[in-house]
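> sequence unavailable; structure follows:
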């Protein structure tokens with residue numbers, strides 16, 4: 001009975017893991033930079049003074065304006081699992 005009821009709705013697990021993200025609302029400065037987590041990220045100059053949303057994940061920063069990604073970058077600080085303190089050999 002269980003197979004008859006549950007099987008039609010069973011689906012395989014997604015191939016990609018879920019990515020946790022935090023969202024912040026920010027205003028682009030006159031110098032077309034956006035502050036996110038004490039770091040500044042550059043956006044195209046035509047978006048100066050615009051209200052944008054910043055999406056922060058463990059590895060990336062995305063800047064979104066009206067549902068369209070206008071800039072993306074890797075993080076500027078070492079990840080927590082990086083025990084070298086940002087030093088390169």
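Looks like it came in fine. Only a predicted model underlies this, so the values are computations on that prediction, with no experimental measurement involved. Residues are numbered from 1 along each chain as shown.
> okay, now the unreliable bits of the chain?
Counting by pLDDT under 70, the chain contains low-confidence ranges at 1-9, 76-89.
> tell me where it has helices.
Along the chain, the segments classed as helices by DSSP state H run 2-6.
> how much space between the nearest residue to residue 63 once chain neighbours are set aside and residue 24?
Closest residue to residue 63 in three dimensions, ignoring its sequence neighbours and counting by C-beta to C-beta, 6 or more residues apart in numbering: residue 71, at 4.2 Å. No exception for glycine: its C-beta is placed from N, CA and C like everyone else's. Note on residue 71: its distance to residue 24, by C-beta to C-beta, to the nearest Å, is 14 Å.
> what about those two, which has more around it?
When neighbours are counted by other C-beta atoms under 10 Å, residue 71 and residue 24 differ, and residue 71 comes out ahead with 19 against 14.
> now for the more buried one: which residues touch it?
The contact partners of residue 71, by C-beta atoms under 8 Å, 6 or more residues apart in numbering, come to 34, 41-44, 62-63.
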